[in-house]
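Here is a sequence with its predicted model. Questions after.
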Amino acid sequence: MAADNHHHDVPAMDYAEHDKTFDLFAGLIKWGTVGSIGITLLAGAATNTISWLFAIVVAVLMTAIVAKFF
(Lines give C-alpha, C1' and ligand atoms only; values in the text may rest on other atoms or scores of the structure.)
Protein backbone atom coordinates (compact mmCIF):
# COMPACT_ATOMS: atom_id res chain seq x y z
CA MET A 1 0.00 0.00 0.00
CA ALA A 2 2.75 2.45 0.79
CA ALA A 3 4.28 1.84 -2.62
CA ASP A 4 0.99 2.61 -4.32
CA ASN A 5 1.74 6.16 -5.44
CA HIS A 6 -1.22 7.61 -7.25
CA HIS A 7 -0.55 10.97 -8.81
CA HIS A 8 -3.81 12.81 -9.05
CA ASP A 9 -4.24 16.05 -10.90
CA VAL A 10 -4.86 18.65 -8.22
CA PRO A 11 -6.78 21.70 -9.40
CA ALA A 12 -5.25 25.11 -8.94
CA MET A 13 -6.14 27.17 -5.89
CA ASP A 14 -9.35 29.18 -6.21
CA TYR A 15 -8.00 32.54 -5.04
CA ALA A 16 -11.19 34.43 -5.87
CA GLU A 17 -13.15 32.17 -3.51
CA HIS A 18 -10.46 32.53 -0.83
CA ASP A 19 -10.69 36.32 -1.09
CA LYS A 20 -14.49 36.24 -0.77
CA THR A 21 -14.24 33.99 2.29
CA PHE A 22 -11.66 36.25 3.93
CA ASP A 23 -13.74 39.35 3.21
CA LEU A 24 -16.77 37.69 4.82
CA PHE A 25 -14.70 36.68 7.85
CA ALA A 26 -13.22 40.17 8.23
CA GLY A 27 -16.67 41.76 7.92
CA LEU A 28 -18.11 39.47 10.58
CA ILE A 29 -15.26 40.28 12.96
CA LYS A 30 -15.55 44.02 12.28
CA TRP A 31 -19.31 44.30 12.71
CA GLY A 32 -19.35 41.78 15.54
CA THR A 33 -16.93 43.98 17.46
CA VAL A 34 -19.01 47.09 16.77
CA GLY A 35 -22.15 45.26 17.88
CA SER A 36 -20.52 43.98 21.07
CA ILE A 37 -19.28 47.42 22.04
CA GLY A 38 -22.70 48.87 21.22
CA ILE A 39 -24.45 46.33 23.44
CA THR A 40 -21.99 47.08 26.24
CA LEU A 41 -22.68 50.82 25.90
CA LEU A 42 -26.43 50.27 25.95
CA ALA A 43 -26.15 47.99 28.98
CA GLY A 44 -24.16 50.68 30.78
CA ALA A 45 -26.79 53.26 29.90
CA ALA A 46 -29.63 50.98 31.02
CA THR A 47 -28.04 50.53 34.44
CA ASN A 48 -27.35 54.27 34.76
CA THR A 49 -23.59 53.70 34.80
CA ILE A 50 -23.22 56.06 31.85
CA SER A 51 -25.67 58.52 30.33
CA TRP A 52 -27.91 57.56 27.42
CA LEU A 53 -26.69 60.50 25.37
CA PHE A 54 -23.06 59.43 25.75
CA ALA A 55 -23.89 55.83 24.81
CA ILE A 56 -25.82 56.82 21.70
CA VAL A 57 -23.23 59.37 20.54
CA VAL A 58 -20.34 56.92 20.97
CA ALA A 59 -22.24 54.11 19.23
CA VAL A 60 -23.15 56.32 16.26
CA LEU A 61 -19.62 57.73 15.93
CA MET A 62 -18.05 54.29 16.22
CA THR A 63 -20.35 52.86 13.55
CA ALA A 64 -19.69 55.79 11.21
CA ILE A 65 -15.91 55.53 11.63
CA VAL A 66 -15.85 51.80 11.03
CA ALA A 67 -18.14 52.06 8.00
CA LYS A 68 -16.02 54.80 6.43
CA PHE A 69 -12.46 53.69 7.15
CA PHE A 70 -12.57 49.92 7.52
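Sure thing, it's come through. Numbers count the residues shown, from 1 in each chain.

Tell me the secondary structure at the spatially most central residue of the chain.
By CA atoms, centre = their mean, the chain has its centre lying nearest to I29, at 1.7 Å. Put simply, I29 is helix when judged by DSSP: H, G, I helix; E, B strand; the rest coil.

contacting residues for it?
By CB atoms under 8 Å, 6 or more residues apart in numbering, the contact list for I29 is empty. Heads up, the C-betas are built off the backbone N, CA and C, glycines and all.

what about D9, how many neighbours?
4 (other CB atoms under 10 Å).

Quick one: low-confidence residue ranges for the protein.
Across the chain, the ranges flagged by pLDDT under 70 are 1-7, 10.

which residues of this structure fall in strands?
Under the criterion DSSP state E, the chain contains no strands.

Against F22, how distant is the residue nearest to the centre of the chain?
Between I29 and F22 the computed distance is 11 Å (CB to CB, to the nearest Å).

do F54 as well
F54 is 35 Å from F22, by CB to CB.

Isn't L42 up against V58?
No. Using CB atoms under 8 Å, L42 is not in contact with V58; the gap is 10.4 Å.

Could you tell me which residues make contact with the closest residue to V58 other than its chain neighbours?
With CB to CB, 6 or more residues apart in numbering as the criterion, V58 has its nearest non-adjacent residue at 5.8 Å, and that residue is L41. L41 is in contact with 50, 54-55, 58-59, counting by CB under 8 Å, 6+ apart.

Pull out the buried residues from these.
Among these, those classed as buried by 16 or more other CB atoms under 10 Å are 50, 55, 58-59.
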